[in-house]
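Participant: Give me the fold of what follows.
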Amino acid sequence: MLKKYDRFEFSEKDFTSQLGRKPSEIEYNLLKHFFYSRYLSHPIPELRNILAKNNQQILYADSQNLVVGTESKNSITTCSALRTQYAFGIKPILKFHSSLSKITLGKIDKDKKLNYPIHGNESLLFIQDGANLKKACSEIIDLGYVSILIVHPGSLGNVVLDLSKNSFGLDLKLSKADDTRILSDIQIHGVLCVLNPELASDINNICHKQRLSNRILGQLKSSQFISLLIHNILKASLPLASFFPSEAPSQTLTPVVKTKENRTDIKTVKELKNYSKHVLTIWKLIKKQKLNYLKPKKYAIGTMAVYKSKKDIAVAVPDNSHFLKYDIKTGSRILIANASRQLVNKGFKPLGFTMIMHGGDLRKNDDQWEMQEMVMGAVETSQLLNMKLINLLMTSDNIHPDLDVCVFGEKMVNTIHIDESFQNENNFITMLGSHRGELNGSLYQKEIQKISSKLIPSVDLGMEARLQEVVLQGIQTRLIQSVSNVSTGGLAAAIAKSISQSENGIGARIHLSRKLRQDEMLFGETQGLVIVSIEESDLMEFERICMNIGIPSTTIGRVTGDGRFQFNDVVNVARDDF
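Facilitator: Have a look, this model is predicted:
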């Protein structure tokens, strides 16, 4: 936790009023360490609810249980992506690294049960982090009837309170009164086992074999008190309500100063008769981009990494993060939808996502508001695209707001390998979605037109959900031969990618008639737009699927054998130039 955000205050007067008496020194220290641990887990009161609602590390799905670990420089809470995996006895199978963050994804066997109902009579055993934590946790899980909770530095007290849920009391058993500091000690981290007392000796033996330090913390109980026992002698007993004081309802943050949007009329730019040179310029800029660090590299596909198994698992990250700069909320929607669409285009069903938000000075109202907007955009996206937001993390001290997003999913049954490459000459090329030709915030507008705009494209998440449904159905029914995502660089870049990945001699001839300028059609970065190729014999069946689900489908051209990219009569580029 960042030291300068440590604004923890603990008033003896508040608890004197609540208890109706002055707490003893032991009672005071017990309360203080529990509350300080809770504070360390959510150190910025204004953003506490945002973090608390999205700190679940496991995505439970019908066919997969996925563990998501996150960590980052300048995080406002201390956490470890690897510790999250090791706590469940597994190693990460997929990893994402950025300059600031690390995200890991692990897979738990479906036959291993992790969450057992809490009855209020379980023992609590803490295991300190160590080199063999993964091995120990794997053996403990195999015992059955043990739940394992991750304890990040300083969070032991908060984990215990979350376990209590204001429903169960606790007998906390320590060797001396000063040991209450372990509840909020930033040197203390590992896992907390919630277990049947009869299993305590078995777990102790496992820890001894793996050379891990462990200690029994105490036992849950049905009575509504948290008690402290030193050598089994009762030293303090406080009502459970003392540890769960009512908090004032959180208020919606609003920016202090709303900046005026810098509107740009792109129609004042002169339209050209030929855009071939511009297509090549945009394509070369895209090829130079270094977007992500995904592992395993062996199965990396662009901005996706795949774990090969009986049921493949994949993570995808967005390739259009530039939109976040001018509109936090809409930008976060765009980024998450983009990564989700990339999974779908490869035949994977998105299950959930995680994100690490990089803010500025989170003591400032406007910077807190930016984080809130980012989360609101993410939550809306998760609801409309039927995904779950898992293990949210927040950092501070970044110059500009930024976002690392990973969307994870599983390969659909009976799907074949599919990519951007055109397969056969004379296949129809079809555009799914409504092309609005939005140049605002685009690579073309910035690099070619030299225009700076604070506007970005809109995003229709309802349409996005239907689009993804169409693509998955098209892939499963073997109607779609190739899929290319329209993202950075627009339609021109999507077609160029398909041609460049196809066999020698393959090209594309596109004719697109719209009430749009030629450069808007070529380079507009409209969201929720993909290009697919279809066999002529399958076109009517595919269009029927599009009509039933409610997605515009427009045949815009054909795959050719002349090795050229032709667009209307304004682009004519040889494949070899890509």
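Participant: Need the pLDDT of the most centrally placed residue in the chain.
Facilitator: Residue closest to the average C-alpha location in the chain (CA atoms, centre = their mean): residue 354, at 1.6 Å. On pLDDT, residue 354 comes in at 96.
Participant: Let's see the helix or strand where it lies as PDB, backbone CA atoms only.
Facilitator: Using DSSP states H and E, residue 354 sits in strand 348-358. The C-alpha coordinates for strand 348-358 follow below in PDB (Å, rounded to 0.1, in the frame of the first residue of the first chain):
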ATOM      1  CA  PHE A 348     -13.800 -18.700 -28.100                       C
ATOM      2  CA  LYS A 349     -16.700 -17.900 -25.800                       C
ATOM      3  CA  PRO A 350     -15.800 -15.000 -23.400                       C
ATOM      4  CA  LEU A 351     -16.400 -15.900 -19.800                       C
ATOM      5  CA  GLY A 352     -15.000 -13.000 -17.800                       C
ATOM      6  CA  PHE A 353     -12.400 -10.300 -17.600                       C
ATOM      7  CA  THR A 354     -10.100  -8.600 -15.200                       C
ATOM      8  CA  MET A 355      -8.600  -5.100 -15.300                       C
ATOM      9  CA  ILE A 356      -5.900  -3.100 -13.600                       C
ATOM     10  CA  MET A 357      -6.800   0.600 -13.500                       C
ATOM     11  CA  HIS A 358      -4.000   3.100 -13.400                       C
END
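Participant: List the buried residues in it.
Facilitator: By neighbour count on 16 or more other CB atoms under 10 Å, the buried set for strand 348-358 is 348-358. For the C-beta atoms, the positions are set from N, CA and C on the backbone; glycine is no exception.
Participant: Equivalent analysis for stretch 25-43, please.
Facilitator: The neighbour-count check on stretch 25-43 (16+ other CB under 10 Å) flags 27-43 as buried.
Participant: quick one: which two of the buried residues of strand 348-358 are the most distant?
Facilitator: 349 and 358 (28.7 Å; CB to CB).
Participant: quick one: low-confidence parts of the stretch 201-350 of the chain?
Facilitator: 247-252, 257-268, 291-292 (pLDDT under 70).
Participant: nope, the chain is what I meant
Facilitator: 1-5, 247-252, 257-268, 291-292.
Participant: can you list the domain ranges for it.
Facilitator: Using automatic domain parsing, the domains assigned to the chain come out as 25-243, 270-287+417-577.
Participant: The first one: end-to-end distance?
Facilitator: Going back to what we said before, that points to domain 25-243. In domain 25-243, first residue to last residue: 16 Å (CA to CA, to the nearest Å).
Participant: about what we covered before: from memory the residue nearest to the centre of the chain sits against residue 388, does it?
Facilitator: No - taking contacts as CB atoms under 8 Å, residue 354 lies outside contact range of residue 388: 9.6 Å.
Participant: Following the chain past the helix or strand harbouring residue 83, name the next helix or strand.
Facilitator: Following DSSP H and E, one finds residue 83 within helix 81-86. Next along the chain after helix 81-86, taking DSSP H and E as the criterion, comes strand 94-97.
Participant: distance between that following strand and the chain's centre?
Facilitator: Averaging C-alpha positions (CA atoms, centre = their mean, to the nearest Å) puts strand 94-97 12 Å from its chain's average.
Participant: mind listing what it pairs with, with the direction of each?
Facilitator: Strand 94-97 has these partner strands in its sheet, going by DSSP bridges: strand 101-108 (antiparallel), strand 293-295 (antiparallel).
Participant: With respect to residue 254, which of these lies nearest?
Facilitator: strand 101-108 (28.1 Å).
Participant: Tell me how far the helix or strand following the closest one lies from the chain's centre.
Facilitator: Sequence order places strand 123-128 as the next helix or strand after strand 101-108, per DSSP H and E. Here strand 123-128 shows a centroid-to-chain-centroid distance of 30 Å under the convention CA atoms, centre = their mean.
Participant: partners of residue 192 in the sheet?
Facilitator: residue 126, residue 149.
Participant: Check residue 95 too.
Facilitator: Here residue 95, judged by DSSP bridges, has bridge partners residue 104, residue 295.
Participant: what's the spacing between residue 428 and residue 534?
Facilitator: 5 Å (CB to CB, to the nearest Å).
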